[in-house]
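Peer 1: got a predicted structure plus its sequence, pasted below:
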Amino acid sequence: MFNNSGQKQDGKGNIQAKGNVTQTNINFFEDDVSFDLVETEKIIIELYELSQTIETKEDFTYDRIKIEDKNKQNQMEEYFSEKIEEDIVYFKEIQQVLYLNDEDFTDRFKYIIRTIRGAIIALDNKADLTPSKINKIIGQFYKQDWDFKKKLKAERLIHFMYFSCFIGKKESI
């Protein structure tokens, strides 16, 4: 492996593996999803703090395909009705904070979207966001040492990104 004494590049004599390494095609990171959790946490905190300062809440607006079409393309019909629909009431606040913020904040938000898109595509080389994929993304938040409120806000943020067509397949049918 590393060609140091006691261990050969072909894996024979690998002490840490307790013998010989013969199977080298295992992907130990199959379920691992990688995106910038540190920056995501900062955005979640700022979104919440800034939403508390908004005096007049505006209506949520969006320019995207019909959600039914998007759900069909991403195989998200049931997930949407069971999980995302109940979070829609929070989307106008998220959107308003995004629109009211400076360019740096918006750029950081776009950066998070890019890292999450990359994680989605890395799972199976497709941009669709199936229930399995969204659960893997959200599962990364559950692994963090955050209180449940922050984890819930992170889940809502991912749902907002999906609903607003920042992530997931979104071609018009």
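Peer 2: Structure's in. What do you need? This is a predicted model, so every value here is computed, not measured.

Peer 1: in this structure, where is pLDDT below threshold?
Peer 2: 1-32, 56-63, 172-173 (pLDDT under 70).

Peer 1: which one's the longest helix in it?
Peer 2: When the chain is scanned for its longest helix (criterion: DSSP state H), the result is helix 103-124.

Peer 1: in that helix, what's buried?
Peer 2: By neighbour count on 16 or more other C-beta atoms under 10 Å, the buried set for helix 103-124 is Phe105, Arg108, Phe109, Ile112, Ile116, Arg117, Ala119, Ile120, Leu123. For glycine as for every other residue, the C-beta is placed from the backbone atoms N, C-alpha and C.

Peer 1: and if you look at stretch 138-149?
Peer 2: Ile138, Gln140, Phe141, Trp146.

Peer 1: sorry, back to before: any residues touching the longest helix of the chain, and which ones?
Peer 2: 33-36, 39-40, 42-43, 46, 98, 127-129, 133, 136-137, 158, 161, 166-168 (C-beta atoms under 8 Å, 6 or more residues apart in numbering).

Peer 1: mind checking which of the residues you listed land in helices?
Peer 2: Reading helices off the contacts of helix 103-124 with DSSP H, I get Glu39, Thr40, Lys42, Ile43, Glu46, Leu98, Lys133, Lys136, Ile137, Ile158, Met161.

Peer 1: filter those residues down to the buried ones, ChimeraX style.
Peer 2: A single ChimeraX command selects the buried members of these (16+ other C-beta under 10 Å):
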select :40,43,98,133,136,137,158,161
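
Peer 1: present the ones in helices among the contacts of helix 103-124 as TSV; the columns should include distance to Phe80.
Peer 2: As requested, these are arranged in TSV below (distance: C-beta to C-beta, whole Å):
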residue	distance to Phe80
Glu39	27
Thr40	22
Lys42	28
Ile43	23
Glu46	27
Leu98	21
Lys133	14
Lys136	17
Ile137	15
Ile158	13
Met161	13
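
Peer 1: and which of the ones in helices among the contacts of helix 103-124 is nearest Lys72?
Peer 2: Comparing the ones in helices among the contacts of helix 103-124 against Lys72 with C-beta to C-beta places Lys133 closest, at 15.8 Å.
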